[in-house]
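In: sequence and predicted structure are below.
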Amino acid sequence: MKKLPSIVFLSVAASCTVSGYEMFAQSTLNYNEANIHFRNGQEYYESKSFEAARAEFELYLSEHRNFLDKNDPNQAWSKYFIVMCSLYLDRADTELLADRFVREHPEHPVAGTLFREIGNYFFENGDYGKAIDYLSKTSKADEESQYHLGVAYYQTQSYSQALTVFTRLRDSQTPAYGPPSAYYAGAIQFQNKNYDEAIKNFGLAENSPQYKAEIPGWIANAYYRQGKYNEMLEYTEKVLREKGRKLDDIALLTAEVYFNKGNYEKASTYYGIYKNYKSQGMMPVVAYRYGYSLYKTNQFSTAVDQLKNVALPKDTLGQNASFVLGICYQRINNLNGALGAFDMASKMSYNKPVQEEASFNVGKVLLDLGRSPEAVKSFEGFLAQYPNSRFEDEANELLSEAYLSSNNLLAALSFVERLKRRTPRVNAVYQRIAFNQAVKKYNEDGFAEAVTFFDKSLSAPESRDLKYSAMYWRGESLVGMQRNAEAIDMYKKVLAATDKDAPSLPEYQQKSRYSLGYLYLSTNPSEANTYFNEYYQRGGSDGNADDALLRIADSYVAQGQYAQALKSYDKAYQTVKTNKDYALYQKGTVQLIVGDANGKKTLEDVVRIFPQSKYVENALRDLGDNEMSSENNEKAISYYSRLIMERPQSTMVPYAIMRRGSAFQNIQRTQSAISDYKYLLRNYINDPVFSAQAMAGLNELMDPSSPEYIEIKALYTKANPNDTSLRDKEFEKAKGLYFDDAYDKALVALGEYIRNYPESMDTPEAKFLLAETYYKLKNKMEALRGYYVVIADNKFKSMAKAYSKAAQIEFENNNFSKAITNFRGLQRAAIDVKDNQAAILGLMDSYFNTPKNDSTIYFSKQMLNLVDAPVANKTKAYYYMGKGYLQLGDLAMASNSFNQGVMLAKDDWAGECQVMLARMLYNQKKYKESSEMIMSKFNGEFSGVSYQVMGKAYLLLADDFIGLENYFQAKATLNSIIDKLPDENSVEQARVKLRSISNK
């Protein structure tokens, strides 16, 4: 049985006791059995034996009615106690009894509080439904009962009734009822989404110690639910400034709002406050946002500490945290940490954009770490996995830089060249890669390849400095290939540049002046002088000023301006730090040239002052030559002997020996001369110059019949088989017969030469001339065999001629596949534009006569791309292209090609194109349009074409009339061809057609 709360029981007991004494004092009855029942009931009631108590009170009321006065107060009290016993016994008639008691005894002292007591009893025992039944009947002035009524409504989810009660009580000055009612009213209004009213009610309860910690959360959330973020922040920040309150949820909500507003600085502050409250740590999602806010406010180290644990789980949050963690590691320069974080994020697919960017960042960090090969692999994998990524351009840029860093230049170039789209940054890297590869090839003397790569670098001139560097070094590479004219043009382009955005341009302009000076030195010394002077006057900043000054003097010598040369050499001798020996030597040689006797002294000074100089041997040679020219043979022998003895390793020793032998021979010192000549033949027998002159000397000095001479001559002949004047004379004679049109005799002479001298350097030309002779004699089969011999040898200096003639003969013989082979050979061997054009024309013609329409179209396009090709060749190309496309069934491209030919010119091939356009209309049975086109074009624009083309046009016109069944016009057109067109083929075709429609 539920117990009555102590406060209720005591009040009832007290009232019973007091009232009891009054009852008995006033009673006129004697103690009898009825009174005993009443007293027993009281005793049972006080001992909480409510069943017995009720029975006694009922006996009191029922068994002795006749003894009771209706005004007996115990009668009312008995009924009261019966109500209370029913209450405590949880009887169903409690409410009925209570209503009856109040109705019958409205003035009784407990009538006004009976419902209150019963209601509070049920309230205290948690029976809120029954509590409501009784408390709803209490006075509205009874704040306690009304408060309990409101709570009971609230507990039974009768929020509307509860709100009515709490709203009435919220202004109560009683602390036990006013603030709690306001709190409950706020909670109900919050639940009903009446947030402004909720805030108003919570405000009334906020200062209550009971709710001080709880209310801020409600108010903050009410503002938040309405989207009144600024009002919320104003409120929460004020609350958070108060000390001594645990406001973790408020701090969190404030942080979240600032986070969503993008105010990461304040968000990080309030997340930090929240973190201080959470000794057990924050939820992962909150920790992530805290870390992200720290990252956004550049607090990277703290962000790292916050995000490390969040990044561990393999879920969406972990992936995002790993990504942000990677960025933070980057910012604090912990690249290995960044690599690990990005790698982890890249391996999770929960958030595809994050996975993509993380994968991209893995490559970036690898590149920053200097792990270029791994970066290359990473970026390649990224681009393969994300072909249309928003990072595609930057990935391409970084991949090209990674290739550059890994020194895999060719792979880098290949990669960039395959890109569909190149950014300026990619072009800048491509420019550098190509430049580096070019320099590498230049340093390996691979000048042709260097030019190719310099061209690639120049195709992407993002860096102005690198552009002019590439231009200059391209010029140097061309010099290495002996393509001096092109090199000169390149250097001059560098000089002509006025680019203010290229700080290094002046440097390369100086270098270009210097290089131009050298290139012109042997061909145009006046120009060389100008460039060397400009270089010298501008300071020669690259360290070649001394050399430029010497070259200025050299250019004066080359121009024959010896006085200026001598002044320049004197200036150079006084000012240069190196090559003073050269300046002095050159001065001496110029003095000798102009007949200045001081020249000998100057050259002797070279030998004296610079004994270790390489120009000592030159000086001794020149002194010897000077004495020889003055017929001072003894002095000449002295100088030559010094050169031979003092510089035995010099390349001039054989020259000195040869000249000394001549000097000995001049002064009749025969044995000394023979000794020098024999020395030359023993040691330099393979040198054609020295051995030939030595042999000539021995011819004059030795007995031709002596065994020694015979032996020497045999050795000389064996060592120099090509040195025979007889062979040269035979070849010149054979050539002369050919060029004099004596072809029969030339056949014999050239054949004999080829048989007698198969290894001669002139034999390849002799074989070609033999083939040409057969061609002149119209023996084309033998000529063709001869050309093929030349082609097989591949030694003739003009191979293009052999290929051209062989191709021509094969084409004339309708051997188109062989003609194609030879025209391709001509294209490979072409040495000028003319040969290349001839090769392409031949290939175009040959393929036109084969079923290979694609090849016909290809070489027709090649012809059209030739800038200097004759117009007739281009109109022919359009005609061939059109025919090729027709064969392939591509009518649109065929029509386009024929129209291009028609627009280009009005020659025969353009006329053929026009005929084909009309023919295409005819094939579509558009006879009227075809006929109008022919009559319009060939009576106007194409009236000047050949009879053959005109015949094709008018034969087609006749076909158009036949198609239109206009036989009169068709016959008239055919008769006109027969009577007026001097082209037998056209006339014959016209007669055949005319016979076929004779009966029409």
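Out: Great, that's in hand.
In: helix, strand or coil for Ser613?
Out: Classification of Ser613 using DSSP: H, G, I helix; E, B strand; the rest coil returns coil.
In: now do the contacts for it.
Out: By C-beta atoms under 8 Å, 6 or more residues apart in numbering, Ser613 lies in contact with 581, 585, 606. Bear in mind the C-beta positions are built from the backbone N, C-alpha and C, glycine included.
In: what residues sit buried inside stretch 491-506?
Out: With burial defined by 16 or more other C-beta atoms under 10 Å, the residues of stretch 491-506 counted as buried are 491, 494-495, 497, 502, 505.
In: show me which of those is closest to Gln437.
Out: Val494 (20.7 Å; C-beta to C-beta).
In: one step back: among the buried residues of stretch 491-506, which ones are in helices?
Out: Among those, the residues falling in helices (DSSP state H) are 491, 494-495, 505.
In: and those residues as a markdown table, adding pLDDT?
Out: As requested, those are arranged in a markdown table below (pLDDT from 0 to 100):
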| residue | pLDDT |
| --- | --- |
| Tyr491 | 94 |
| Val494 | 93 |
| Leu495 | 93 |
| Leu505 | 91 |
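In: mind putting the residues you listed in a markdown table, distance to Leu904 included?
Out: Output for those, formatted as a markdown table (distance: C-beta to C-beta, whole Å):
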| residue | distance to Leu904 |
| --- | --- |
| Tyr491 | 39 |
| Val494 | 39 |
| Leu495 | 40 |
| Leu505 | 43 |
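In: between the contacts of Ser613, which has the most around it?
Out: Scoring the contacts of Ser613 on neighbours with other C-beta atoms under 10 Å, the highest-scoring entry is Val606 at 27 neighbours.
In: ok, it to Ser47 distance?
Out: Applying C-beta to C-beta, to the nearest Å, the value for Val606 to Ser47 is 150 Å.
In: helix/strand/coil for the residue nearest the centre of the chain?
Out: Centroid-nearest residue in the chain, with C-alpha atoms, centre = their mean: Asn396, separated by 2.3 Å. The three-state assignment at Asn396 reads helix, by three-state DSSP.
In: residues in contact with it?
Out: Counting by C-beta under 8 Å, 6+ apart, Asn396 has contacts 383, 416, 419, 422-423, 426.
In: for Ala558, state which of those is nearest.
Out: Using C-beta to C-beta, the contacts of Asn396 come closest to Ala558 at Val416, 46.2 Å.
In: how many other residues sit next to that closest one?
Out: Other residues close to Val416 by other C-beta under 10 Å number 24.
In: residues in contact with whatever helix or strand Glu627 lives in: which ones?
Out: Using DSSP states H and E, Glu627 sits in helix 615-629. For helix 615-629, the surrounding residues in contact (C-beta under 8 Å, 6+ apart) are 581-582, 584-585, 588-589, 592, 599-600, 603-604, 606-607, 610, 633, 635-640, 642-643, 646-647, 650, 652, 655-656, 659-660, 662-663.
In: which of the residues in it are buried?
Out: 615-628.
In: what is the mean pLDDT for it?
Out: Average pLDDT, helix 615-629: 93.
In: and after it, which helix or strand comes next?
Out: helix 633-646.
In: the one helix or strand Gly884 maps to - contacts with which helices or strands?
Out: Element membership for Gly884, per DSSP H and E: helix 871-888. Using 3 or more C-beta pairs under 8 Å, 6 or more residues apart in numbering; DSSP states H and E, the elements in contact with helix 871-888 are helix 833-848, helix 853-864, helix 891-904, helix 908-923.
In: packing partners for the third one?
Out: Judged by 3+ C-beta pairs under 8 Å, 6+ apart, the packing partners of helix 891-904 are helix 871-888, helix 908-923.
In: and stretch 511-521, average pLDDT?
Out: 92.
In: neighbouring contacts of it?
Out: 472, 475-476, 479, 484, 487-488, 491-492, 494-495, 526-529, 531-532, 534-535, 538, 540, 542, 544, 548, 551, 554-555, 558.
In: for Glu237, what are its contacts?
Out: Thr254.
In: 10 Å - rerun?
Out: For Glu237, the residues meeting the contact criterion (C-beta atoms under 10 Å, 6 or more residues apart in numbering) are 250-251, 254, 258, 266, 269-270.
In: pull the helix holding Gly884 out as PDB, backbone CA atoms only.
Out: Coordinates of each C-alpha in helix 871-888 appear next as PDB, following Å, rounded to 0.1, in the frame of the first residue of the first chain:
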ATOM      1  CA  VAL A 871      50.700  26.100-109.100                       C
ATOM      2  CA  ALA A 872      50.200  23.400-111.700                       C
ATOM      3  CA  ASN A 873      51.500  20.800-109.300                       C
ATOM      4  CA  LYS A 874      49.100  22.000-106.600                       C
ATOM      5  CA  THR A 875      46.100  22.000-108.900                       C
ATOM      6  CA  LYS A 876      47.100  18.500-109.900                       C
ATOM      7  CA  ALA A 877      47.300  17.600-106.200                       C
ATOM      8  CA  TYR A 878      43.800  18.800-105.600                       C
ATOM      9  CA  TYR A 879      42.600  16.700-108.700                       C
ATOM     10  CA  TYR A 880      44.400  13.600-107.300                       C
ATOM     11  CA  MET A 881      43.000  14.200-103.800                       C
ATOM     12  CA  GLY A 882      39.500  14.500-105.200                       C
ATOM     13  CA  LYS A 883      39.800  11.300-107.200                       C
ATOM     14  CA  GLY A 884      41.200   9.500-104.200                       C
ATOM     15  CA  TYR A 885      38.300  10.600-101.900                       C
ATOM     16  CA  LEU A 886      35.900   9.600-104.700                       C
ATOM     17  CA  GLN A 887      37.400   6.100-104.700                       C
ATOM     18  CA  LEU A 888      37.100   6.000-100.900                       C
END
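In: Leu921 contacts Gln914, doesn't it?
Out: No. The criterion here is C-beta atoms under 10 Å, and Leu921 misses it with Gln914 at 11.3 Å.
In: still on that earlier bit, among the contacts of Asn396, which are in helices?
Out: 383, 416, 426.
In: C-terminal to the helix or strand containing Ala287, what's the next element?
Out: Assessed by DSSP H and E, Ala287 sits inside helix 284-296. Next helix or strand after helix 284-296 toward the C-terminus (DSSP H and E): helix 300-307.
In: now tell me what touches that next one from outside.
Out: With contact meaning C-beta under 10 Å, 6+ apart, helix 300-307 is reached by 268, 271-272, 275, 282, 287-297, 299, 311, 318, 320-334, 337, 341.
In: again, only this time at 8 Å
Out: With C-beta under 8 Å, 6+ apart as the criterion, helix 300-307 contacts 287-288, 290-292, 294-295, 321, 324-325, 328-329, 331-332, 334, 337.
In: circling back to that earlier point, out of the contacts of Ser613, which are inside helices?
Out: 581, 585, 606.
In: between these, which is closest to Pro216?
Out: For the ones in helices among the contacts of Ser613, the nearest to Pro216 is Asp581 (98.7 Å; C-beta to C-beta).
In: check contacts around Asp907.
Out: With C-beta under 8 Å, 6+ apart, Asp907 has these contacts: 871-872, 875, 945.
In: one step back: do you know which of the helices and strands packed on helix 891-904 lies nearest Gly178?
Out: Among those, helix 871-888 sits nearest to Gly178 (C-beta to C-beta), with 98.7 Å.
In: give the buried residues for the closest one.
Out: 873-886.
In: quick one, it and helix 891-904 angle?
Out: Taking axes from the mean of the first three to the mean of the last three C-alpha atoms, to 10 degrees, one finds helix 871-888 and helix 891-904 inclined to each other by 170 degrees.
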